[in-house]
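**Student:** Need a 3D model of the sequence below.
(2 chains)
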Amino acid sequence: MSLRKFITNKTTAALAVLITAFANTSVFAQDAAAGAAAAPKVDMGEVYKSVIFYILVFLAACLFIAIIGKAIRVYELSREAQGKAVGINWNRIHASLFALFLVVGLYGVYWEYTVHGAMLLPDAASEHGKKIDEMFNLTLIITTIVFVVTHILLFGFSYIYKYSAKRKAYYYPHNNTIEKIWTIVPALVLTVLVLMGFLTWRSIFFKVEDPKNKPLQIEVTSEQFKWSIRYPGADGVVGNKNYKLTTATNPLGIDFKDLNSRDDEMADEMVIPVGKPVKLILTSKDVIHSFYMPHFRVQLNTVPGMRVYFEFTPTKTTAEMQQETNDPNFKYLFYCAKICGSGHYNMQKVVRVVSEAEYKTWIAEQKTYLNDDLRKQFNLPVAPAPAKAAADSTATDTAAVKTNQMALNK
Amino acid sequence: MSTIALHDEHNHDHADHGHHKETLISKYIFSMDHKMIAKQFLITGIIMAVIAMGLSILFRIQLAWPDKTFPFLETFLGKWAEGGRIKADFYLALVTIHGTIMVFFVLTAGLSGTFSNLLIPLQIGARDMASPFLNMLSYWFFFMACVIMMSSFFIQTGPASGGWTVYPPLSVVAKAMPGSGMGMTLWLVSMVLFVASSLMGGINYVSTILNMRTKGMDLWKMPLTIWAFFLTAILGILSFPVLVAGVVLMVFDRSFGTSFYLSDIVMGTDILPNEGGSPILWQHLFWFLGHPEVYIVIMPALGISSEVISVNSRKPIFGYHAMVYSLIGITVLSFIVWGHHMFVTGMNPLLGGVFMITTLIIAVPSAVKTFNYLATLWRGNIRFTPAMLFAIGLVSFFISGGLTGIFLGNASLDINLHDTYFVVAHFHLVMGSAAIFGMLAGVYHWFPKMFGRMMNAKLGYLHFWLTFIAAYLVFFPLHFLGLDGVPRRYYAFTEFEFMKKWLTVNVFVTWAAIMAALAQVAFLFNFFYSIFKGKVSPQNPWESNTLEWTAPVEHLHGNWPGEIPTVYRWPYDYSKPGHDADFIPQTVPFSQTMSSNLPHDFEGNAEAEKIQQDWELANPVTENKG
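**Tutor:** Residues are numbered from 1 along each chain as shown, chains lettered A, B, ... in the order given. As a prediction, this is how the structure comes out:
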């Protein structure tokens, strides 16, 4: 019976091979003829765009695989008919493929680490970021070692211990000592990582404020799909907000009854002095967004109804970073990392880290949130206190205008 | 000759629906037989997986060629891909529904539903589930959940699109995005039905395992698959209700004006009246399920691979007890790690520290499992059946994806990695690829038990190698995008200068994903073809010890024709020295294997030990048993 099956199979398969070969050659012949006639004019662009083309390519691939399958079957059956050992030792093939996969895979990992690994973010530009980077590197080294060793074992064992009818597997149900070792060793390694991570985490989120070096407060408010930045003004304190006060003229809902709010300034980009701690106050108007500033290793979600804080100290100015990365167009950015709607993919602002002096000149040029419309709205006949103009030695045009208005109002 | 007889009977079984008073409806549709329900779960799961994979190819096309037009997309998607380009809103819908289907419908229902239903009664020696009717309901609730989820593609505003975690307020405020309208309502309804289905299934699994084991099948003689399904079911029972609670609160917020998750929200200048709620509450409720959920996904896959690796290495699983205890450890710990999804969501940083500790502890049992797999392969006699290939693939993915979890579980490192492609790469390897590979291993291994026929091994080989390679090509490079600070769920990388260098990688990844998707055609063809035309399966095709292979190939209601077999030994007596065959089924009593018994086998039963000693004295030739 097996012989009969073999003959039928072989004939059918052989026929299939012959027909395909014939079909292919005739198609190629036609192609060649057509190609000779109109070789330079053929525009394949449209062909590559059509779905049918890809379906045909796929079907051709399926046919090819089917032919190979049949050929293998024919080979196996002919071996069987001749009474020889089974045609193809698939166990050996898979074992070799696993070994090959190990070698090629490890090279691939090496390639990824070196090529894609070189395209990553530059070194952290903040104090706590350095600690994060160190810990990242340590974790990377440990995990890479484990990754490589376990994969060598996994694929190595697959290669070495492939099936053989002559051999019997080694009955080895358990070994408590070994099991204890490989429970305790990972536990110890993880304890080290946990402790380091825990201490770093604490140092990031539980900072003791240095009264001599008070952080610069900056409030960032997210909404679909933009960010608003609020600087605290001369008093160094960002004033209160109340979402119920939101209007078209007061989009952030700033409460100007709070004296701290009146000198708060708006900015198009985040400019921060190098080496000075910055305390970010993060809020959201509508949905959850995420304030993500990867060069500084800063990320925190902005949540409506909550104020969350992240304190960090930038250590490299934009200019320094441009030199370091050898990219004159380098810019620090912050952008959204939490799904927030259709504009999620384009919600960014530039961050400039500058020297203290540059920062001072820049901040002096920024406008306050409080303007005439808002003054009317909040029944504030008097604009900023005169003290502000006095304190601010580099009185800007706006400030001057306000002083004039104040005088007029009187 | 017996083969032919079996073949005939099988055909007869399929062709004649009339006998045993079974009608087409009672046999194939409203079936209460656990084997049929398993097949229903599997085929529905496969269909949902194909749909979700198709969705992923759509958004991969968008990511690879953000500025090219594909007219065929408009043909299929209409206004969602006007001019042949997928719209940003629809992109998010694709991502959301891909995630939801894969996590819940494929890897929870498709995996647990299929193999728990199929294997629990067969491997513990029961005639059916504790409550067959509940079991049938479980499938039909699941089916309805699938239908409702898919129906959201046919409504004006499109499916839910706030990500599979549907964080409020985005998912609650209809004005926030089109998908948060009707689509989100359907998502919530579908999810409630799904959880109901899961619970009915889970309660059934637990009660069946606890109450209906055959004679001799004590807990420590259960195969690891059963242990995995048992603990998975417990996890589901304890965590899914919390999701329902969260979902119901969300329904209230969306439809009845309550403020559980909402407060201080201004859409443009429109001040919403909600006050006093917190979006963080949803995250706690969601991840209280959500984290156990990833273990609900991976534990059955680990159980299946334990069984497959042991059978095909012809070796007992190394450290059976350690494997069980690590599953228990994972089960318990998985309830106290949910906060690691929320390190940077505004949760109190103090909690972040605590969750980091618990999270990294859970790596220990996972490591133990991995090492035990390696030890099982060591000095084995490995048969590379398609199931075995997939099980080895699972171990590889579990290692690769598990190790990146150590980065993400560390709160300090998570600051910069949270919500980036690093996360995408991590969970697609450890719970996506690994769990899918576990599921495929199970399908190839137990296909003969389900359909009485064998799948074509060579197509299985092709399927494995293409999928294995393609999965690594897709997900490995994505880690590096994440390390460069590229956030996930971005519609296009075109708006950021620094992301442009990743566009070529995106094209490569998309081609690899297409290759992976096409490789599944080999599986689908093999699967459906073999149901009808596959080679008829022998009684015990893999020479396996477990109980299901003692049941007749043709399906019977009640599984075994006569008495249910009694179990005498653990399921992993492979290649036991002193025994002629390299496997001893669980139903073989020790009295028949005197030459291979070990003192340990008798669990301190003095009488049995005495008999064995006497026998050994009488038969000194076999004294040397290695």
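**Student:** and the residue in the stretch 351-500 of chain B positioned nearest to chain A, what does it touch?
**Tutor:** Nearest to chain A in the stretch 351-500 of chain B, going by C-beta to the nearest C-beta, is B:Gly485, at a distance of 3.2 Å. C-beta here means a position set from N, CA and C on the backbone, and glycine is covered the same way. Applying C-beta atoms under 8 Å, 6 or more residues apart in numbering or on different chains, we find B:Gly485 in contact with A:121, A:292, A:294-295, B:416, B:420, B:498.
**Student:** In terms of helices and strands, where is the nearest residue to B:Arg569 once chain neighbours are set aside?
**Tutor:** Using C-beta to C-beta, 6 or more residues apart in numbering or on different chains and skipping residues adjacent in sequence, the residue nearest B:Arg569 is B:Gln586, 5.7 Å away. Element membership for B:Gln586, per DSSP states H and E: none, as it lies in no helix or strand.
**Student:** Neighbours of B:Thr587, how many?
**Tutor:** 18 (other C-beta atoms under 10 Å in any protein chain shown).
**Student:** Please apply the same query to A:Ile229.
**Tutor:** For A:Ile229, using other C-beta under 10 Å, the count is 20.
**Student:** ok so it is a strand residue?
**Tutor:** Yes - judged by DSSP: H, G, I helix; E, B strand; the rest coil, A:Ile229 forms part of a strand.
**Student:** gap between A:Asp255 and A:Thr114?
**Tutor:** Separation of A:Asp255 from A:Thr114 (C-beta to C-beta, to the nearest Å): 54 Å.
**Student:** same thing with A:Ser355?
**Tutor:** Distance check for A:Ser355 against A:Thr114: by C-beta to C-beta, it reads 36 Å.
**Student:** Name the next helix or strand downstream of the worst-scoring helix or strand of chain B on mean pLDDT, please.
**Tutor:** Within chain B, no helix or strand scores below helix B:2-15, which has a mean of 40 by mean pLDDT, DSSP states H and E. Counting by DSSP H and E, the next helix or strand C-terminal to helix B:2-15 is helix B:24.
**Student:** quick one: A:Asn175 and B:Ala363, what's the gap?
**Tutor:** Distance, A:Asn175 to B:Ala363, by C-beta to C-beta: 22 Å.
**Student:** which residues of the chain fall in strands?
**Tutor:** All of this is about chain A. A:216-223, A:226-231, A:265-267, A:270-273, A:278-284, A:289-293, A:298-302, A:308-312, A:332-336, A:348-354 (DSSP state E).
**Student:** actually it's chain B I care about, not the one you picked
**Tutor:** Taking DSSP E as the criterion, chain B carries its strands at B:266-267, B:270-271.
**Student:** Count the neighbours of the nearest residue to A:Arg230 once chain neighbours are set aside for me.
**Tutor:** Distance criterion C-beta to C-beta, 6+ apart; nearest residue to A:Arg230, sequence neighbours excluded, is A:Glu219 at 4.1 Å. The tally of other residues near A:Glu219 (other C-beta under 10 Å) stands at 21.
**Student:** hang on, isn't A:Glu219 packed against A:Ile281?
**Tutor:** Yes - if you go by C-beta atoms under 8 Å, A:Glu219 and A:Ile281 touch, sitting 4.2 Å apart.
**Student:** which residues do those two both contact?
**Tutor:** A:Val238.
**Student:** before we move on, the earlier item: higher neighbour count, A:Ser355 and A:Thr114?
**Tutor:** Set A:Ser355 next to A:Thr114 and count neighbours by other C-beta under 10 Å: A:Ser355 wins out with 12 against 9.
**Student:** A:Val274 versus the more buried one, what's the distance?
**Tutor:** Applying C-beta to C-beta to A:Ser355 and A:Val274 gives a distance of 6 Å.
**Student:** wait, what's in contact with the residue nearest to B:Trp615 when sequence neighbours are not counted?
**Tutor:** Nearest non-adjacent residue to B:Trp615, counting by C-beta to C-beta, 6+ apart: B:Met594, 4.8 Å away. By C-beta under 8 Å, 6+ apart, the contact set of B:Met594 is B:612, B:615-616, B:619.
**Student:** B:Gly460: which of those residues is nearest?
**Tutor:** Checking the contacts of B:Met594 against B:Gly460 by C-beta to C-beta gives B:Gln612 as the nearest, at 42.1 Å.
**Student:** Thought B:Asn597 was touching the closest one, still the case?
**Tutor:** Yes - with contacts counted by C-beta under 8 Å, B:Gln612 reaches B:Asn597, the gap being 5.4 Å.
**Student:** Tell me which of the two has more neighbours.
**Tutor:** Taking neighbours as other C-beta under 10 Å, B:Gln612 and B:Asn597 compare with B:Asn597 leading, 24 against 19.
**Student:** How about the contacts made by the more buried one?
**Tutor:** B:Asn597 makes contact with B:578, B:590, B:612, according to C-beta under 8 Å, 6+ apart.
**Student:** from those, which ones fall inside helices?
**Tutor:** B:Gln612 (DSSP state H).
**Student:** between the contacts of B:Asn597, which is nearest chain A?
**Tutor:** Checking the contacts of B:Asn597 one by one against chain A (C-beta to the nearest C-beta), the nearest turns out to be B:Gly578, at 9.2 Å.
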